[in-house]
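Engineer: structure for the following, please:
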Amino acid sequence: MNEDSKNILLNVLNEVRRFTIRGLSEEAYETAFQYECKFRNIKHDRQKKFHIPYKTEGLTVLIPDFILYIGDEKIFLEFKASKEKTRHDDQILKYMDYFQLKEYHLFNFSTWELIVCKESKDKNNKGIIDYEVIHKFENGL
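Structural biologist: A predicted model of the protein is given here:
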């Protein structure tokens, strides 16, 4: 994600943060985020379903929380609202493989952290995710 896109995303997240309270459901935050994207004319898809085909059937459905279209970038964003530092490697690896992404983004509304996820390999050459906090709103600010 380039700096301009990052700043646009951070401004939207900050606005949602300013007008919501901690402890809401992911769905409530997603609704506020979608409202803010519409208000700012940011093209996006929310919970768009992608069917992985098998012959004539769709076997699996992948549903990223948001896809943002900012400039020529397509930014995949997953929301979490949990204080626990749960890893989401399997889910994110599926998305990264299917959409051929170099990075995937998480935003946690409990910790107010924007995290970039990148694929790497463990000692057995198995795909894992490296998580890096790229922005933390201090004291919820």
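
Engineer: check what pLDDT the nearest residue to Ser25 once chain neighbours are set aside gets.
Structural biologist: Of all residues not flanking Ser25 in the chain, Ala81 sits nearest, at 6.4 Å (CB to CB, 6 or more residues apart in numbering). For the C-beta atoms, the positions are set from N, CA and C on the backbone; glycine is no exception. Model confidence at Ala81, given as pLDDT, is 82.

Engineer: just the one 4 residues further on next, same as before
Structural biologist: At Lys85, the pLDDT value in this model is 60.

Engineer: report all helices and strands that the one helix or strand Asp90 maps to contacts.
Structural biologist: Secondary structure from DSSP states H and E places Asp90 in helix 89-99. Packing contacts for helix 89-99, counted by 3 or more CB pairs under 8 Å, 6 or more residues apart in numbering; DSSP states H and E, involve strand 57-62, strand 73-80, strand 104-108, strand 113-121, strand 127-136.

Engineer: do that again at 10 Å, thanks
Structural biologist: strand 50-54, strand 57-62, strand 73-80, strand 104-108, strand 113-121, strand 127-136 (3 or more CB pairs under 10 Å, 6 or more residues apart in numbering; DSSP states H and E).
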